[in-house]
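Asks: One predicted model, sequence on top.
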Amino acid sequence: MNMVHGLFLVAIFTLAYAQLVKGQSMPSCQTKCGNVSIEFPFGTSPGCYYAGDPSFNITCDPSNKLIFGGNEVINISHSGELRVLNTRSYVCYDRQGNETGRVNRWSSLGNLTFSDKNRFIAVGCNTYAFLNTDGVGNYSTGCMSLCTSPRETNGSCTGGGCCQTSLPRGSHYFMVSPRSFSNHTSVYSFNPCSYAFLVEDGKYNFRSSEDLMNLRNIERFPVVLDWSIGQDSCEYVGSGKICRGNSICSNSVRGTGYICKCKEGFDGNPYLSDENGCQDINECTTSRHNCSGSSNCENTVGHFLCKCPPGYNLNATNNSCMRKGRPEYYGWTQIFLGTTIGFLAIPLVISCVQRKIKHRRNTELRRHFFEQNGGGMLRQRLSGAETSHVDVKIFTEEGMKEATNGYEESRILGQGGQGTVYKGILPDNSVVAIKKARLGDNSQVEQFINEVLVLSQINHRNVVKLLGCCLETEVPLLVYEFINSGTLFDHLHGSISNSSLTWEHRLRIAVEIAGTLAYLHSSASIPIIHRDIKTANILLDENLTAKVADFGASRLIPMDKEQLTTMVQGTLGYLDPEYYNTGLLNEKSDVYSFGVVLMELLTGQKALCFERPQHSKHLRDPGSGQSCC
């Protein structure tokens, strides 16, 4: 088992190493520590740094500081430089010249080396300091600073209270040792300590009075380290170098190894080949292009072009545009272009005129349909006192066509005596039922307008809500709320096989229908007789709540009348015999139809069934309890 486990770890390491060799960063690698970005070839864990040199393995400590060689890293550059904070060395004395504290700093950098961008600085009066390194051979240097009072210092690091010297490139190790000629006995009052440290050139400015006393309590200074890949030059490693796409190999300034750089016009990490590698810079969105005047900048891979508009030439000296001289054939060209444009414009003008004529015809046709479908009648009735509470939303022909997908047959929900009902989807994704009336005579148009007026005045939870209508189509349309669970007829007589109507449901539905009829007959602003109450006109929603629908046959009863004489209309099996024989319509006609619906709820039998015996085809007839398939 241990051998298998070991082979598994070796395989994982091999895959990780292969991915890094290909120049693809591992997705699990840490990319940031504090405010410092970590990019390959550096990394904090195996598989995330360049495996050919352990010096690229750096640490992110618990305090979120990036550490290399005991020093905090503040910046990693693709140009082969690493910046760290290096601690000062010092020696301090008391008034009698006794040493009270000493720290001689040393650092070992692995395969990284100190850059010649650093300076060795000593601060203090009667101070000298040594720097020992392992550069090209062992190397030592130092400097000396003399003064007896702060007045002898001039604020510059030139030997009076502060001295400095250069540092050779290529050292892997150094040690700093500050010393004093007289143990600061003569200068203790303003300078109790001698300090020595390495610092990046230009990052330290000597302030005589403050620095002689305590170096402004600064303990660490930025130092530049050089790094490179391997020990061999670009020419020697050849195709074995780890530089990736859109990059070039450059020999390291420290004399050994190489670094990779993005080609001109590219930016990113030259050691990676994924989206973090060298990518094209869009010079046109930055200040890196020099297109001027009327020339336009166009980005290309790795570069850019300055282009001029038609009729101009590019001046290569300053990348500006100059107008071209007109050739002799310029006038003929204008004539040719004018003639061509004229011929092309004629069909375009004709097309525009035809489109305008078609639009006008469609507008007139919609106006004609509006009047044909009772628009004038609707306006007249809406202006009457009896319909003061009516609020009807008008939908457009185009909106209805889009909602029903061109009145597709698959959208048909049902067809009845008063028209066809489609399922529609409005632009706000709300689902509606769209009733498309059948073509017929003016009496059917009057029924349609009647249904609009009746439903617009009804505000009851058990009545299907009318949302609006459309009169611009060849046949009129009504837009209702969508009730998604079928009709009571479907649930009672088998069209919906999984119907779950319990006795409690049936009782509640009966109560809801009765309440609706009571509202229509007594509570509506104008009494309304439905005239076609039947189970097929009772819709059920997802909660099996009853919704009375199809008011196409309905009539408004004036307040000063109890009944109307009308042409008999309704459904056999539900039709009130007295109304059928006399033509006198009142609310009792709806009550009779409701009684038939109650019998259907109780018995589960259809109101009219021709399969029953001749004397009991109607559910109300004696002996009609015989089942009807």
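Replies: Perfect, I can see it now.
Asks: how long is stretch 85-102 end to end?
Replies: 20 Å (CA to CA, to the nearest Å).
Asks: correction: stretch 99-117
Replies: 33 Å.
Asks: same question, stretch 216-235
Replies: Note: stretch 216-235 ends 49 Å apart using CA to CA.
Asks: Give the rounded mean pLDDT of that stretch.
Replies: Averaged over stretch 216-235, pLDDT sits at 93.
Asks: Could you do stretch 396-404 as well?
Replies: Per-residue scores along stretch 396-404 average to 91.
Asks: And for stretch 445-453?
Replies: 74.
Asks: who's in contact with it?
Replies: With CB atoms under 8 Å, 6 or more residues apart in numbering as the test, stretch 445-453 has contacts from 372-374, 377-378, 381-382, 387, 390, 392, 418, 437, 466, 469, 476, 478, 551-556. C-betas here are computed from N, CA, C, even on glycine.
Asks: can we see that at 6 Å?
Replies: For stretch 445-453, contacts defined as CB atoms under 6 Å, 6 or more residues apart in numbering pick out 374, 377-378, 381, 387, 437, 469, 476, 551-552.
Asks: could I get the residues you listed as a markdown table with neighbour count, pLDDT and secondary structure?
Replies: Output for the contacts of stretch 445-453, formatted as a markdown table (neighbours: other CB atoms under 10 Å; pLDDT from 0 to 100; DSSP: H, G, I helix; E, B strand; the rest coil):
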| residue | neighbour count | pLDDT | secondary structure |
| --- | --- | --- | --- |
| 374 | 23 | 83 | coil |
| 377 | 18 | 83 | helix |
| 378 | 22 | 80 | helix |
| 381 | 16 | 77 | helix |
| 387 | 21 | 54 | helix |
| 437 | 20 | 67 | coil |
| 469 | 26 | 88 | strand |
| 476 | 27 | 83 | coil |
| 551 | 26 | 76 | coil |
| 552 | 24 | 70 | coil |
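Asks: What ranges in the stretch 451-600 of the chain fall below the confidence cut-off?
Replies: Residue ranges of the stretch 451-600 of the chain with pLDDT under 70: 451, 495-498, 558-566.
Asks: what comes up buried for stretch 475-486?
Replies: Neighbour-count burial for stretch 475-486 flags 475-483, 485-486 (criterion: 16 or more other CB atoms under 10 Å).
Asks: Can you flag which of the residues you listed belong to strands?
Replies: 477-481 (DSSP state E).
Asks: Farthest pair within these?
Replies: In terms of CB to CB, these reach their longest pairwise distance at 477 and 481, which sit 14.7 Å apart.
Asks: with the buried residues of stretch 475-486 in mind, which one is nearest to residue 526?
Replies: residue 478 (19.4 Å).
Asks: Okay, now the unreliable bits of the stretch 251-400 of the chain?
Replies: 293, 325-331, 384-390.
Asks: same thing but at 80, please
Replies: 292-294, 311, 316-319, 323-334, 379, 381-392 (pLDDT under 80).
Asks: Sketch out the helices for it, chain order is fine.
Replies: 330-372, 375-382, 397-403 (DSSP state H, counting those that start in this stretch).
Asks: can you redo those as JSON lines with distance to residue 445?
Replies: Formatted as JSON lines, the helices of the stretch 251-400 of the chain follow (distance: least, CB to CB, whole Å):
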{"stretch": "helix 330-372", "distance to residue 445": "7"}
{"stretch": "helix 375-382", "distance to residue 445": "8"}
{"stretch": "helix 397-403", "distance to residue 445": "17"}
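Asks: Go through those helices and name the closest to residue 273.
Replies: Using CB to CB, the helices of the stretch 251-400 of the chain put helix 397-403 closest to residue 273, at 50.0 Å.
Asks: What are the buried residues along the closest one?
Replies: For helix 397-403, burial by neighbour count (16+ other CB under 10 Å) applies to 397, 399-400, 403.
Asks: can you name the two of these that are farthest apart?
Replies: 397 and 403 (10.8 Å).
Asks: what about the strands in the stretch 151-300 of the chain?
Replies: 162-166, 173-180, 193-200, 220-226, 247-251, 258-262, 266-267, 279-280, 296-300 (DSSP state E, counting those that start in this stretch).
Asks: Out of those strands, the one nearest residue 347 is which?
Replies: It is, among the strands of the stretch 151-300 of the chain and with distance given as CB to CB, strand 296-300, at 33.5 Å.
Asks: Could the C-alpha coordinates of the closest one be exported in CSV?
Replies: Taking Å, rounded to 0.1, in the frame of the first residue of the first chain, the C-alpha atoms of strand 296-300 are listed here in CSV:
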residue,chain,number,x,y,z
ASN,A,296,-7.0,57.0,-37.0
CYS,A,297,-5.3,54.4,-34.9
GLU,A,298,-6.0,50.7,-35.8
ASN,A,299,-4.7,48.0,-33.5
THR,A,300,-2.8,45.0,-34.9
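Asks: Contacts for that strand, please.
Replies: Contacts for strand 296-300 (CB under 6 Å, 6+ apart): 282, 284, 289, 291, 304-305, 307.
Asks: if we can go back for a sec, considering the contacts of stretch 445-453, which is situated nearest to residue 500?
Replies: residue 551 (28.4 Å).
Asks: Please convert the buried members of the contacts of strand 296-300 into PyMOL selection syntax.
Replies: A single PyMOL command selects the buried members of the contacts of strand 296-300 (16+ other CB under 10 Å):
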select buried, resi 284+289+291+304+305
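Asks: farthest-separated two in the contacts of strand 296-300?
Replies: 282 and 307 (15.2 Å).
Asks: out of the helices of the stretch 251-400 of the chain, which comes closest to residue 217?
Replies: Short answer: helix 397-403, nearest of the helices of the stretch 251-400 of the chain by CB to CB, at 76.1 Å.
Asks: hmm, back to that, reformat the buried residues of stretch 475-486 as a markdown table; add distance to residue 318.
Replies: Shown next, in a markdown table, are the buried residues of stretch 475-486 (distance: CB to CB, whole Å):
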| residue | distance to residue 318 |
| --- | --- |
| 475 | 73 |
| 476 | 73 |
| 477 | 69 |
| 478 | 73 |
| 479 | 68 |
| 480 | 73 |
| 481 | 71 |
| 482 | 70 |
| 483 | 75 |
| 485 | 78 |
| 486 | 80 |
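Asks: Closest one of these to residue 250?
Replies: Scanning the buried residues of stretch 475-486 for proximity to residue 250, where the rule is CB to CB, the winner is residue 482, at 71.6 Å.
Asks: what about the residue lying closest to the closest one once chain neighbours are set aside, distance to residue 412?
Replies: Computed as CB to CB, 6 or more residues apart in numbering, the closest residue to residue 482 that is not its neighbour in sequence is residue 431, at 4.3 Å. From residue 431 across to residue 412, the span is 15 Å (CB to CB, to the nearest Å).
Asks: if you skip the residues just before and after it, what's nearest to the residue sitting furthest away from the middle of the chain?
Replies: Residue farthest from the centre of the chain, counting by CA atoms, centre = their mean, is residue 96 at 72.6 Å. Excluding the flanking residues, the one nearest residue 96 by CB to CB, 6+ apart is residue 185, at 7.1 Å.
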